[in-house]
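Participant: Let me see the structure of the following:
(2 chains)
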Amino acid sequence: MKRRKRTLGTVLGWLDLPQDIDPAVFRVTVVGLERMTVENHAGILQYSGTCVRLLTASGILRVEGTGLLLRELAAGRAVIEGQIRAWCAEDAN
Amino acid sequence: MWHFIRGYVILQIEGMGLERVVNALLNAGVRVRRICRTDAVTAVLTMPAADVRLLFALRRRYRFRLHIVKRVGLPFAVRRLMRRKTLLLGTLLVLAGFVFLSTRVLFVEVRGCERMDQALLLRTLQAAGVERFMAWRGVDYVRIANDTAALFDQIAWLGLHREGVFLTVEVKEAIPLPEIEAYTTPCDVVATKAGVIVRITLLRGKALVRPGDRVTDGQTLIAGTVEYKETEPYLTRARGEVTAAVVYQTRVPAPETERILTETGRTRPLLRVRIGGRALFAGKCPYPVFAEEITGVSEIGRLFSVMTVERGVWRELTETERRLTETERTETALVLAETGTLAQLPAEADVIVKAAWTEEQDGVLYGVCRITTEESIGIQREITDGANGRGSQD
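Facilitator: Next comes the predicted model:
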(Lines give C-alpha, C1' and ligand atoms only; values in the text may rest on other atoms or scores of the structure.)
Protein backbone atom coordinates (compact mmCIF):
# COMPACT_ATOMS: atom_id res chain seq x y z
CA MET A 1 0.00 0.00 0.00
CA LYS A 2 2.77 2.36 1.03
CA ARG A 3 4.66 1.45 -2.11
CA ARG A 4 1.57 2.34 -4.22
CA LYS A 5 1.27 5.70 -2.42
CA ARG A 6 4.93 6.41 -2.98
CA THR A 7 4.62 5.40 -6.61
CA LEU A 8 1.65 7.70 -7.20
CA GLY A 9 3.42 10.57 -5.41
CA THR A 10 6.55 9.98 -7.49
CA VAL A 11 4.58 9.87 -10.73
CA LEU A 12 2.79 13.10 -9.82
CA GLY A 13 6.16 14.68 -9.06
CA TRP A 14 7.58 13.53 -12.40
CA LEU A 15 4.57 14.83 -14.28
CA ASP A 16 4.76 18.11 -12.40
CA LEU A 17 1.15 17.69 -11.23
CA PRO A 18 -0.20 19.01 -7.90
CA GLN A 19 -0.33 16.54 -5.03
CA ASP A 20 -4.00 17.52 -4.44
CA ILE A 21 -5.26 14.84 -6.77
CA ASP A 22 -3.58 12.12 -4.74
CA PRO A 23 -6.37 10.53 -2.68
CA ALA A 24 -3.88 9.46 -0.05
CA VAL A 25 -2.97 13.04 0.84
CA PHE A 26 -5.39 14.86 3.11
CA ARG A 27 -6.23 18.48 2.46
CA VAL A 28 -7.19 21.08 5.05
CA THR A 29 -9.03 24.29 4.18
CA VAL A 30 -9.46 26.83 6.96
CA VAL A 31 -11.92 29.71 6.49
CA GLY A 32 -11.27 32.29 9.18
CA LEU A 33 -10.89 30.69 12.57
CA GLU A 34 -14.37 29.23 12.67
CA ARG A 35 -14.60 26.75 9.84
CA MET A 36 -12.26 24.00 8.74
CA THR A 37 -12.79 21.52 5.96
CA VAL A 38 -10.76 18.31 5.95
CA GLU A 39 -10.81 16.24 2.77
CA ASN A 40 -9.53 12.71 2.22
CA HIS A 41 -9.82 11.66 5.85
CA ALA A 42 -10.37 8.03 6.75
CA GLY A 43 -12.62 8.35 9.78
CA ILE A 44 -13.08 9.95 13.14
CA LEU A 45 -11.08 8.78 16.13
CA GLN A 46 -12.24 11.12 18.83
CA TYR A 47 -14.73 13.91 19.05
CA SER A 48 -15.58 16.26 21.86
CA GLY A 49 -16.46 19.95 22.13
CA THR A 50 -12.77 20.85 22.54
CA CYS A 51 -10.95 18.29 20.38
CA VAL A 52 -11.49 16.44 17.14
CA ARG A 53 -9.08 13.74 15.98
CA LEU A 54 -9.37 12.53 12.42
CA LEU A 55 -7.58 9.58 10.91
CA THR A 56 -5.81 10.25 7.63
CA ALA A 57 -3.42 8.30 5.41
CA SER A 58 -0.59 10.49 6.67
CA GLY A 59 -1.41 10.05 10.34
CA ILE A 60 -3.79 11.62 12.84
CA LEU A 61 -4.99 15.18 12.41
CA ARG A 62 -5.81 16.86 15.70
CA VAL A 63 -7.98 19.99 15.83
CA GLU A 64 -8.38 21.88 19.09
CA GLY A 65 -10.75 24.63 20.02
CA THR A 66 -13.95 25.39 21.88
CA GLY A 67 -17.53 24.63 20.97
CA LEU A 68 -16.48 22.40 18.12
CA LEU A 69 -19.28 21.05 15.99
CA LEU A 70 -19.03 18.52 13.18
CA ARG A 71 -21.13 20.43 10.74
CA GLU A 72 -20.92 17.80 8.06
CA LEU A 73 -19.38 14.37 8.05
CA ALA A 74 -19.31 12.28 4.91
CA ALA A 75 -16.95 9.74 3.44
CA GLY A 76 -13.69 11.61 2.79
CA ARG A 77 -14.96 15.00 3.91
CA ALA A 78 -15.47 16.63 7.29
CA VAL A 79 -16.48 20.18 8.10
CA ILE A 80 -15.64 21.38 11.61
CA GLU A 81 -17.14 24.59 12.99
CA GLY A 82 -16.39 26.41 16.21
CA GLN A 83 -13.62 28.50 17.75
CA ILE A 84 -10.60 26.71 16.25
CA ARG A 85 -7.44 27.41 18.18
CA ALA A 86 -4.91 24.93 16.75
CA TRP A 87 -4.48 21.92 14.54
CA CYS A 88 -1.55 19.60 14.16
CA ALA A 89 -0.42 16.18 12.89
CA GLU A 90 -0.04 13.79 15.80
CA ASP A 91 1.65 10.87 14.18
CA ALA A 92 3.30 12.00 10.96
CA ASN A 93 5.32 9.23 9.35
CA MET B 1 -33.88 23.25 1.20
CA TRP B 2 -32.77 19.96 -0.34
CA HIS B 3 -32.47 18.39 3.11
CA PHE B 4 -36.00 19.57 3.91
CA ILE B 5 -37.37 18.03 0.73
CA ARG B 6 -35.66 14.69 1.41
CA GLY B 7 -36.52 14.80 5.10
CA TYR B 8 -34.08 14.46 7.98
CA VAL B 9 -34.09 13.28 11.56
CA ILE B 10 -32.40 14.80 14.58
CA LEU B 11 -31.19 11.97 16.83
CA GLN B 12 -29.69 11.67 20.25
CA ILE B 13 -27.19 8.83 20.71
CA GLU B 14 -26.14 7.73 24.14
CA GLY B 15 -23.37 5.21 24.73
CA MET B 16 -19.64 4.61 24.81
CA GLY B 17 -17.52 4.83 21.66
CA LEU B 18 -19.81 6.98 19.61
CA GLU B 19 -16.98 7.67 17.18
CA ARG B 20 -17.18 4.04 16.10
CA VAL B 21 -20.86 4.46 15.31
CA VAL B 22 -20.14 7.54 13.24
CA ASN B 23 -17.34 5.75 11.38
CA ALA B 24 -19.68 2.84 10.68
CA LEU B 25 -22.18 5.27 9.22
CA LEU B 26 -19.46 6.88 7.08
CA ASN B 27 -18.39 3.48 5.79
CA ALA B 28 -22.00 2.77 4.87
CA GLY B 29 -22.04 5.97 2.82
CA VAL B 30 -24.34 7.91 5.14
CA ARG B 31 -23.90 11.64 5.26
CA VAL B 32 -24.16 12.84 8.85
CA ARG B 33 -24.59 16.50 9.75
CA ARG B 34 -24.44 18.68 12.83
CA ILE B 35 -22.77 16.24 15.23
CA CYS B 36 -22.66 17.89 18.61
CA ARG B 37 -21.40 16.42 21.85
CA THR B 38 -23.65 17.31 24.77
CA ASP B 39 -21.60 15.32 27.29
CA ALA B 40 -19.01 12.50 27.38
CA VAL B 41 -21.46 9.78 26.38
CA THR B 42 -24.13 11.69 24.48
CA ALA B 43 -24.19 13.30 21.07
CA VAL B 44 -26.87 14.84 18.92
CA LEU B 45 -26.64 14.40 15.17
CA THR B 46 -28.71 14.96 12.06
CA MET B 47 -29.02 12.41 9.29
CA PRO B 48 -31.27 11.67 6.31
CA ALA B 49 -34.56 10.03 7.23
CA ALA B 50 -33.96 7.22 4.76
CA ASP B 51 -30.77 6.12 6.57
CA VAL B 52 -32.17 5.92 10.10
CA ARG B 53 -32.93 2.21 9.70
CA LEU B 54 -29.22 1.58 9.27
CA LEU B 55 -28.57 3.26 12.60
CA PHE B 56 -31.16 1.03 14.24
CA ALA B 57 -29.31 -1.98 12.80
CA LEU B 58 -26.02 -0.73 14.30
CA ARG B 59 -27.61 -0.29 17.70
CA ARG B 60 -27.15 -3.97 18.71
CA ARG B 61 -23.61 -4.17 17.49
CA TYR B 62 -22.23 -1.03 19.14
CA ARG B 63 -24.56 -1.01 22.16
CA PHE B 64 -25.91 2.49 22.27
CA ARG B 65 -29.27 4.01 23.00
CA LEU B 66 -31.07 5.93 20.35
CA HIS B 67 -33.67 8.62 20.78
CA ILE B 68 -35.35 10.48 17.93
CA VAL B 69 -35.51 14.15 18.93
CA LYS B 70 -37.29 15.54 15.89
CA ARG B 71 -38.46 14.56 12.44
CA VAL B 72 -38.20 17.40 9.97
CA GLY B 73 -38.97 17.67 6.26
CA LEU B 74 -41.50 17.26 3.55
CA PRO B 75 -42.02 13.47 3.79
CA PHE B 76 -43.01 13.76 7.45
CA ALA B 77 -45.26 16.75 6.76
CA VAL B 78 -46.97 14.84 3.96
CA ARG B 79 -47.34 11.77 6.16
CA ARG B 80 -48.94 13.86 8.89
CA LEU B 81 -51.20 15.48 6.33
CA MET B 82 -52.21 12.15 4.86
CA ARG B 83 -53.58 11.11 8.23
CA ARG B 84 -55.96 14.09 8.23
CA LYS B 85 -58.28 13.00 5.46
CA THR B 86 -60.78 15.82 5.81
CA LEU B 87 -58.09 18.50 5.75
CA LEU B 88 -56.49 16.83 2.76
CA LEU B 89 -59.81 16.65 0.98
CA GLY B 90 -60.56 20.26 1.80
CA THR B 91 -57.15 21.36 0.55
CA LEU B 92 -57.61 19.42 -2.65
CA LEU B 93 -61.06 20.91 -3.12
CA VAL B 94 -59.75 24.45 -2.55
CA LEU B 95 -56.89 23.85 -4.98
CA ALA B 96 -59.29 22.40 -7.52
CA GLY B 97 -61.54 25.42 -6.99
CA PHE B 98 -58.62 27.79 -7.59
CA VAL B 99 -57.59 25.93 -10.70
CA PHE B 100 -61.16 25.89 -11.99
CA LEU B 101 -61.79 29.57 -11.22
CA SER B 102 -58.49 30.59 -12.80
CA THR B 103 -59.81 29.26 -16.10
CA ARG B 104 -62.90 31.51 -15.88
CA VAL B 105 -63.54 35.19 -16.32
CA LEU B 106 -64.57 36.40 -12.87
CA PHE B 107 -64.80 40.14 -13.43
CA VAL B 108 -66.14 42.03 -16.44
CA GLU B 109 -65.54 45.77 -16.54
CA VAL B 110 -66.77 48.23 -19.16
CA ARG B 111 -64.71 51.35 -19.80
CA GLY B 112 -65.49 54.37 -21.92
CA CYS B 113 -69.26 53.86 -22.00
CA GLU B 114 -70.66 57.34 -21.37
CA ARG B 115 -73.57 57.99 -23.71
CA MET B 116 -74.32 54.41 -24.56
CA ASP B 117 -76.47 52.06 -22.47
CA GLN B 118 -73.95 49.88 -20.67
CA ALA B 119 -76.51 47.25 -19.66
CA LEU B 120 -77.56 46.85 -23.29
CA LEU B 121 -73.95 46.39 -24.34
CA LEU B 122 -73.39 43.75 -21.65
CA ARG B 123 -76.57 41.92 -22.69
CA THR B 124 -75.38 41.92 -26.30
CA LEU B 125 -71.97 40.58 -25.27
CA GLN B 126 -73.69 37.96 -23.13
CA ALA B 127 -75.63 36.80 -26.16
CA ALA B 128 -72.30 36.48 -27.97
CA GLY B 129 -70.96 34.33 -25.15
CA VAL B 130 -68.96 36.90 -23.20
CA GLU B 131 -70.09 36.97 -19.60
CA ARG B 132 -68.89 36.24 -16.07
CA PHE B 133 -67.74 32.69 -15.33
CA MET B 134 -67.19 31.90 -18.98
CA ALA B 135 -64.08 29.92 -19.88
CA TRP B 136 -61.55 32.37 -21.24
CA ARG B 137 -59.68 29.87 -23.39
CA GLY B 138 -60.60 29.46 -27.02
CA VAL B 139 -62.64 32.65 -27.30
CA ASP B 140 -62.19 34.80 -30.40
CA TYR B 141 -62.29 38.16 -28.68
CA VAL B 142 -61.47 40.15 -31.81
CA ARG B 143 -64.36 38.67 -33.78
CA ILE B 144 -66.83 39.15 -30.93
CA ALA B 145 -65.68 42.75 -30.44
CA ASN B 146 -66.01 43.55 -34.14
CA ASP B 147 -69.44 41.87 -34.42
CA THR B 148 -70.74 43.69 -31.36
CA ALA B 149 -69.37 47.05 -32.49
CA ALA B 150 -71.09 46.59 -35.85
CA LEU B 151 -74.46 46.31 -34.10
CA PHE B 152 -74.30 49.75 -32.51
CA ASP B 153 -74.04 53.07 -34.33
CA GLN B 154 -72.86 54.73 -31.11
CA ILE B 155 -69.72 52.59 -30.98
CA ALA B 156 -66.73 53.58 -33.10
CA TRP B 157 -64.47 50.83 -31.76
CA LEU B 158 -64.79 48.04 -29.24
CA GLY B 159 -61.97 46.03 -27.69
CA LEU B 160 -61.97 43.04 -25.36
CA HIS B 161 -58.86 42.60 -23.24
CA ARG B 162 -58.37 39.76 -20.82
CA GLU B 163 -55.77 39.84 -18.08
CA GLY B 164 -55.94 36.88 -15.72
CA VAL B 165 -59.54 36.57 -14.66
CA PHE B 166 -60.35 40.19 -15.48
CA LEU B 167 -62.04 41.03 -18.77
CA THR B 168 -62.10 44.66 -19.80
CA VAL B 169 -64.54 45.85 -22.44
CA GLU B 170 -63.11 49.06 -23.84
CA VAL B 171 -65.53 51.22 -25.76
CA LYS B 172 -64.72 54.18 -27.97
CA GLU B 173 -67.97 55.94 -28.60
CA ALA B 174 -68.66 57.56 -31.97
CA ILE B 175 -68.82 61.33 -31.98
CA PRO B 176 -72.44 62.28 -32.71
CA LEU B 177 -73.04 64.27 -35.90
CA PRO B 178 -73.84 67.93 -35.33
CA GLU B 179 -77.45 68.88 -35.81
CA ILE B 180 -78.10 70.42 -39.19
CA GLU B 181 -79.39 73.92 -38.78
CA ALA B 182 -82.85 74.51 -40.21
CA TYR B 183 -82.23 77.46 -42.48
CA THR B 184 -85.84 77.89 -43.45
CA THR B 185 -87.06 79.57 -40.26
CA PRO B 186 -86.38 83.35 -40.11
CA CYS B 187 -84.94 84.60 -36.87
CA ASP B 188 -83.18 87.47 -35.07
CA VAL B 189 -80.07 87.36 -32.95
CA VAL B 190 -80.93 88.67 -29.47
CA ALA B 191 -78.90 89.29 -26.34
CA THR B 192 -79.00 86.64 -23.62
CA LYS B 193 -77.72 89.03 -20.98
CA ALA B 194 -77.00 92.71 -20.44
CA GLY B 195 -73.58 94.12 -21.33
CA VAL B 196 -71.51 96.46 -23.44
CA ILE B 197 -70.82 95.37 -27.02
CA VAL B 198 -67.12 94.77 -27.66
CA ARG B 199 -67.25 93.46 -31.23
CA ILE B 200 -69.78 92.14 -33.68
CA THR B 201 -69.22 89.84 -36.64
CA LEU B 202 -72.19 89.93 -38.99
CA LEU B 203 -72.80 86.86 -41.14
CA ARG B 204 -76.39 87.42 -42.23
CA GLY B 205 -79.08 89.98 -41.41
CA LYS B 206 -78.82 93.59 -40.29
CA ALA B 207 -76.72 94.70 -37.29
CA LEU B 208 -78.66 96.94 -34.94
CA VAL B 209 -75.85 97.61 -32.45
CA ARG B 210 -72.27 98.77 -32.63
CA PRO B 211 -69.22 98.27 -30.37
CA GLY B 212 -69.60 100.43 -27.28
CA ASP B 213 -73.41 100.18 -27.19
CA ARG B 214 -74.98 99.12 -23.92
CA VAL B 215 -77.55 96.37 -24.47
CA THR B 216 -80.12 94.76 -22.23
CA ASP B 217 -81.25 91.16 -21.88
CA GLY B 218 -83.50 90.20 -24.81
CA GLN B 219 -82.58 93.17 -27.01
CA THR B 220 -82.30 92.42 -30.74
CA LEU B 221 -78.68 92.61 -31.85
CA ILE B 222 -78.92 91.41 -35.45
CA ALA B 223 -82.28 91.73 -37.14
CA GLY B 224 -83.63 89.01 -39.43
CA THR B 225 -85.83 91.55 -41.24
CA VAL B 226 -83.82 93.17 -44.01
CA GLU B 227 -85.03 96.28 -45.83
CA TYR B 228 -83.71 97.86 -49.01
CA LYS B 229 -84.63 101.26 -50.29
CA GLU B 230 -86.92 100.32 -53.14
CA THR B 231 -88.00 96.85 -52.16
CA GLU B 232 -90.28 95.47 -49.55
CA PRO B 233 -88.59 94.08 -46.41
CA TYR B 234 -87.90 90.35 -46.45
CA LEU B 235 -87.08 87.92 -43.72
CA THR B 236 -83.89 85.96 -43.32
CA ARG B 237 -82.18 83.84 -40.69
CA ALA B 238 -79.88 86.31 -38.95
CA ARG B 239 -76.46 84.99 -37.97
CA GLY B 240 -73.43 86.53 -36.34
CA GLU B 241 -71.07 86.53 -33.42
CA VAL B 242 -71.72 89.26 -30.86
CA THR B 243 -69.19 89.62 -28.05
CA ALA B 244 -69.95 91.83 -25.09
CA ALA B 245 -68.40 92.80 -21.79
CA VAL B 246 -70.61 91.38 -19.06
CA VAL B 247 -70.35 92.21 -15.37
CA TYR B 248 -70.99 89.64 -12.65
CA GLN B 249 -71.13 90.72 -9.05
CA THR B 250 -71.76 88.86 -5.79
CA ARG B 251 -72.20 90.31 -2.32
CA VAL B 252 -71.88 87.94 0.61
CA PRO B 253 -72.17 88.76 4.34
CA ALA B 254 -69.09 87.80 6.32
CA PRO B 255 -69.77 84.77 8.53
CA GLU B 256 -69.26 85.07 12.29
CA THR B 257 -68.21 81.43 12.76
CA GLU B 258 -67.01 78.49 10.73
CA ARG B 259 -67.47 74.76 11.08
CA ILE B 260 -64.29 72.72 11.12
CA LEU B 261 -63.61 68.99 11.35
CA THR B 262 -61.60 67.86 14.36
CA GLU B 263 -60.50 64.41 15.44
CA THR B 264 -62.33 62.85 18.38
CA GLY B 265 -59.39 60.56 19.15
CA ARG B 266 -61.27 57.37 18.37
CA THR B 267 -59.69 55.18 15.69
CA ARG B 268 -60.37 51.84 14.08
CA PRO B 269 -57.89 49.67 12.16
CA LEU B 270 -58.33 49.59 8.40
CA LEU B 271 -57.71 46.55 6.23
CA ARG B 272 -58.38 46.47 2.52
CA VAL B 273 -57.44 43.78 0.03
CA ARG B 274 -57.12 44.65 -3.64
CA ILE B 275 -56.58 42.38 -6.60
CA GLY B 276 -55.41 44.10 -9.75
CA GLY B 277 -56.33 47.49 -8.31
CA ARG B 278 -59.90 46.48 -7.50
CA ALA B 279 -61.03 46.32 -3.89
CA LEU B 280 -61.88 42.70 -3.14
CA PHE B 281 -62.34 43.07 0.57
CA ALA B 282 -62.77 46.34 2.38
CA GLY B 283 -63.94 46.72 5.93
CA LYS B 284 -66.66 49.22 6.73
CA CYS B 285 -65.85 52.33 8.70
CA PRO B 286 -68.16 52.63 11.71
CA TYR B 287 -67.89 56.43 11.85
CA PRO B 288 -70.19 58.70 9.80
CA VAL B 289 -67.45 61.30 9.31
CA PHE B 290 -63.90 60.05 9.18
CA ALA B 291 -60.44 60.48 7.76
CA GLU B 292 -58.57 57.56 6.25
CA GLU B 293 -54.85 57.09 6.70
CA ILE B 294 -52.97 54.30 4.93
CA THR B 295 -49.87 53.34 6.88
CA GLY B 296 -48.63 50.40 4.84
CA VAL B 297 -49.22 48.61 1.57
CA SER B 298 -47.84 45.13 0.98
CA GLU B 299 -47.97 42.88 -2.03
CA ILE B 300 -48.83 39.29 -1.22
CA GLY B 301 -48.03 37.58 -4.47
CA ARG B 302 -49.30 36.89 -7.90
CA LEU B 303 -52.11 34.36 -7.85
CA PHE B 304 -54.52 35.73 -10.42
CA SER B 305 -53.07 39.19 -10.38
CA VAL B 306 -51.09 41.33 -7.97
CA MET B 307 -52.77 41.20 -4.59
CA THR B 308 -52.13 44.15 -2.30
CA VAL B 309 -53.11 44.52 1.32
CA GLU B 310 -53.57 48.04 2.62
CA ARG B 311 -53.33 48.68 6.33
CA GLY B 312 -54.11 51.90 8.10
CA VAL B 313 -56.53 53.60 10.45
CA TRP B 314 -59.87 55.35 10.28
CA ARG B 315 -59.98 58.42 12.48
CA GLU B 316 -63.36 59.68 13.60
CA LEU B 317 -64.02 63.33 12.88
CA THR B 318 -66.61 65.65 14.32
CA GLU B 319 -67.81 69.07 13.28
CA THR B 320 -67.19 71.90 15.70
CA GLU B 321 -67.99 75.58 15.43
CA ARG B 322 -65.24 78.15 15.81
CA ARG B 323 -65.55 81.92 16.12
CA LEU B 324 -63.61 83.79 13.45
CA THR B 325 -61.32 86.75 14.03
CA GLU B 326 -61.88 90.00 12.10
CA THR B 327 -59.11 89.19 9.64
CA GLU B 328 -60.48 85.69 9.07
CA ARG B 329 -64.00 87.08 8.58
CA THR B 330 -62.73 89.48 5.92
CA GLU B 331 -60.77 86.76 4.15
CA THR B 332 -63.68 84.31 4.31
CA ALA B 333 -66.14 86.91 2.98
CA LEU B 334 -63.85 87.70 0.05
CA VAL B 335 -63.34 84.02 -0.74
CA LEU B 336 -67.09 83.31 -0.58
CA ALA B 337 -67.86 86.32 -2.80
CA GLU B 338 -65.26 85.29 -5.36
CA THR B 339 -66.44 81.68 -5.33
CA GLY B 340 -70.03 82.79 -5.81
CA THR B 341 -69.12 85.06 -8.69
CA LEU B 342 -66.96 82.46 -10.42
CA ALA B 343 -69.82 79.96 -10.16
CA GLN B 344 -71.95 82.27 -12.31
CA LEU B 345 -69.44 82.52 -15.15
CA PRO B 346 -70.06 80.48 -18.27
CA ALA B 347 -67.28 78.09 -19.22
CA GLU B 348 -66.32 79.93 -22.40
CA ALA B 349 -66.18 83.42 -20.84
CA ASP B 350 -62.82 85.24 -20.76
CA VAL B 351 -62.17 87.10 -17.51
CA ILE B 352 -61.04 90.66 -18.24
CA VAL B 353 -61.19 92.41 -14.87
CA LYS B 354 -61.61 91.07 -11.38
CA ALA B 355 -62.02 93.17 -8.26
CA ALA B 356 -62.88 92.21 -4.69
CA TRP B 357 -63.45 94.36 -1.61
CA THR B 358 -65.33 94.51 1.67
CA GLU B 359 -67.96 97.02 2.68
CA GLU B 360 -70.00 97.60 5.80
CA GLN B 361 -73.69 98.33 5.79
CA ASP B 362 -75.91 98.60 8.87
CA GLY B 363 -73.14 97.10 10.97
CA VAL B 364 -72.83 94.03 8.74
CA LEU B 365 -69.58 93.28 6.93
CA TYR B 366 -70.00 92.18 3.30
CA GLY B 367 -67.54 90.73 0.85
CA VAL B 368 -68.04 91.88 -2.72
CA CYS B 369 -66.51 90.46 -5.89
CA ARG B 370 -67.01 91.88 -9.34
CA ILE B 371 -65.77 90.12 -12.45
CA THR B 372 -65.99 91.54 -15.95
CA THR B 373 -65.88 89.02 -18.77
CA GLU B 374 -65.93 89.00 -22.52
CA GLU B 375 -68.34 86.46 -23.91
CA SER B 376 -70.70 85.75 -26.72
CA ILE B 377 -74.19 86.94 -25.81
CA GLY B 378 -76.04 86.52 -29.12
CA ILE B 379 -78.58 83.74 -29.57
CA GLN B 380 -80.97 83.08 -32.44
CA ARG B 381 -84.69 83.61 -31.77
CA GLU B 382 -87.39 82.85 -34.33
CA ILE B 383 -89.42 85.73 -35.73
CA THR B 384 -93.03 85.01 -34.88
CA ASP B 385 -94.88 88.25 -35.53
CA GLY B 386 -93.13 89.73 -38.56
CA ALA B 387 -93.59 87.05 -41.24
CA ASN B 388 -94.98 89.51 -43.81
CA GLY B 389 -91.99 89.72 -46.08
CA ARG B 390 -91.57 88.19 -49.49
CA GLY B 391 -89.81 85.13 -48.27
CA SER B 392 -86.61 83.64 -47.03
CA GLN B 393 -83.26 84.42 -48.61
CA ASP B 394 -81.92 80.81 -48.08
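
Participant: count of neighbours near residue 20?
Facilitator: Answering for chain A, as no chain was given. By other C-beta atoms under 10 Å in any protein chain shown, the residues close to residue A:20 number 11. Bear in mind the C-beta positions are built from the backbone N, C-alpha and C, glycine included.

Participant: Can you look at chain B instead?
Facilitator: Other residues within reach of residue B:20, judged by other C-beta under 10 Å, total 17.

Participant: Could I get the pLDDT score of residue 20?
Facilitator: Picked chain A for this. Listed pLDDT for residue A:20 reads 73.

Participant: looking at chain B here, not the other one
Facilitator: Per-residue confidence for residue B:20 comes out at a pLDDT of 87.

Participant: And residue B:302, by the same measure?
Facilitator: You'll see residue B:302 listed with a pLDDT of 57.

Participant: Residue B:42 bridge partners, please.
Facilitator: Bridge pairing for residue B:42 (DSSP bridges) gives the partners residue B:14, residue B:39.

Participant: Isn't it up against residue B:14?
Facilitator: Yes: using C-beta atoms under 8 Å, residue B:42 is in contact with residue B:14, at 4.9 Å.

Participant: List the contacts of residue B:31.
Facilitator: A:72, A:73, A:74, B:47, B:48 (C-beta atoms under 8 Å, 6 or more residues apart in numbering or on different chains).

Participant: how about the residues of chain A near chain B?
Facilitator: Counting by C-beta under 8 Å from any C-beta of the partner chain, chain A comes close to chain B at A:43-49, A:69-75.

Participant: The chain: helices as residue ranges?
Facilitator: Since no chain was named, I'll use chain A. Along chain A, counting by DSSP state H, helices occupy A:2-14.

Participant: ah, I was thinking of chain B
Facilitator: In chain B, the segments counted as helices under DSSP H are B:2-6, B:18-27, B:52-62, B:74-83, B:85-101, B:118-127, B:141-151, B:326-344.

Participant: Reformat those helices as CSV; add distance to residue B:235.
Facilitator: Shown next, in CSV, are the helices of chain B (distance: least, C-beta to C-beta, whole Å):
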stretch, distance to residue B:235
helix B:2-6, 96
helix B:18-27, 117
helix B:52-62, 111
helix B:74-83, 93
helix B:85-101, 71
helix B:118-127, 45
helix B:141-151, 45
helix B:326-344, 35
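
Participant: and these, which is most packed in?
Facilitator: helix B:18-27 (a mean of 19; mean count of other C-beta atoms under 10 Å in any protein chain shown).

Participant: Centre of the chain to that helix, how far?
Facilitator: 68 Å (C-alpha atoms, centre = their mean, to the nearest Å).

Participant: and the residue in chain A positioned nearest to chain B, how many neighbours?
Facilitator: Closest to chain B within chain A is residue A:70: 3.7 Å, counting by C-beta to the nearest C-beta. By other C-beta under 10 Å, 23 other residues sit near residue A:70.

Participant: what comes up buried for stretch A:37-49?
Facilitator: Applying a neighbour-count criterion of 16 or more other C-beta atoms under 10 Å in any protein chain shown, one finds A:37, A:38, A:39, A:40, A:41, A:42, A:43, A:44, A:45, A:47 buried in stretch A:37-49.

Participant: To clarify, my last question referred to stretch B:28-38.
Facilitator: Buried residues in stretch B:28-38, counted by 16+ other C-beta under 10 Å: B:30, B:31, B:32, B:33, B:34, B:35, B:36, B:37.

Participant: quick one on the thing from earlier: quick check, the residue of chain A closest to chain B in contact with residue B:26.
Facilitator: No: counting by C-beta under 8 Å, residue A:70 does not reach residue B:26; the two are 11.0 Å apart.

Participant: Give me the common contacts of these two.
Facilitator: Applying C-beta under 8 Å, 6+ apart, one finds that residue A:70 and residue B:26 are jointly contacted by A:44, B:32.

Participant: shaky segments in the chain?
Facilitator: Answering for chain A, as no chain was given. Residue ranges of chain A with pLDDT under 70: A:1-6, A:91-93.

Participant: nope, chain B
Facilitator: B:181-183, B:276-277, B:301-305, B:385-394.

Participant: contacting residues around the residue of it most remote from its centre?
Facilitator: Largest separation from the mean C-alpha position in chain B: residue B:61, at 74.4 Å (C-alpha atoms, centre = their mean). Neighbour list for residue B:61: residue B:24 [criterion: C-beta under 8 Å, 6+ apart].

Participant: any idea how far it lies from chain A?
Facilitator: Distance of residue B:61 to chain A, given as C-beta to the nearest C-beta, to the nearest Å: 16 Å.

Participant: remind me, longest strand of chain A?
Facilitator: When chain A is parsed with DSSP state E, its longest strand is strand A:59-74.

Participant: which parts of that one are buried?
Facilitator: Going by neighbour count (16+ other C-beta under 10 Å), the buried part of strand A:59-74 is A:60, A:61, A:62, A:63, A:65, A:68, A:69, A:70, A:71, A:72, A:73.

Participant: so what secondary structure elements neighbour it?
Facilitator: Contacts defined by 3 or more C-beta pairs under 8 Å, 6 or more residues apart in numbering or on different chains; DSSP states H and E place strand A:59-74 against strand A:35-39, strand A:41-47, strand A:51-56, strand A:77-89, helix B:18-27, strand B:32-39.

Participant: and the angle from the longest one to helix B:18-27?
Facilitator: Between strand A:77-89 and helix B:18-27, the angle comes out at 130 degrees (axes from the mean of the first three to the mean of the last three C-alpha atoms, to 10 degrees).

Participant: before we move on, the earlier item: ok, the residue nearest to the residue of chain A closest to chain B when sequence neighbours are not counted - contacts?
Facilitator: Residue nearest to residue A:70 in three dimensions, not counting chain neighbours: residue B:35, with 3.7 Å by C-beta to C-beta, 6 or more residues apart in numbering or on different chains. When contacts are counted by C-beta under 8 Å, 6+ apart, residue B:35 touches A:47, A:69, A:70, A:73, B:22, B:43, B:44, B:45.

Participant: Surely the fourth one and residue B:34 touch.
Facilitator: Right, residue A:73. No: counting by C-beta under 8 Å, residue A:73 sits too far from residue B:34 to count as a contact (9.2 Å).

Participant: Can you list the buried residues in stretch B:156-168?
Facilitator: In stretch B:156-168, counting by 16+ other C-beta under 10 Å, buried: B:158, B:159, B:160, B:164, B:165, B:166, B:167.

Participant: brain fart, stretch B:237-246
Facilitator: For stretch B:237-246, the neighbour count (16+ other C-beta under 10 Å) marks B:237, B:238, B:239, B:240, B:242, B:243, B:244, B:245, B:246 as buried.

Participant: Compute the number of surrounding residues for the residue of the stretch 101-250 of chain B found nearest chain A.
Facilitator: The stretch 101-250 of chain B approaches chain A most closely through residue B:102 (42.5 Å), counting by C-beta to the nearest C-beta. If you count neighbours by other C-beta under 10 Å, residue B:102 ends up with 13.
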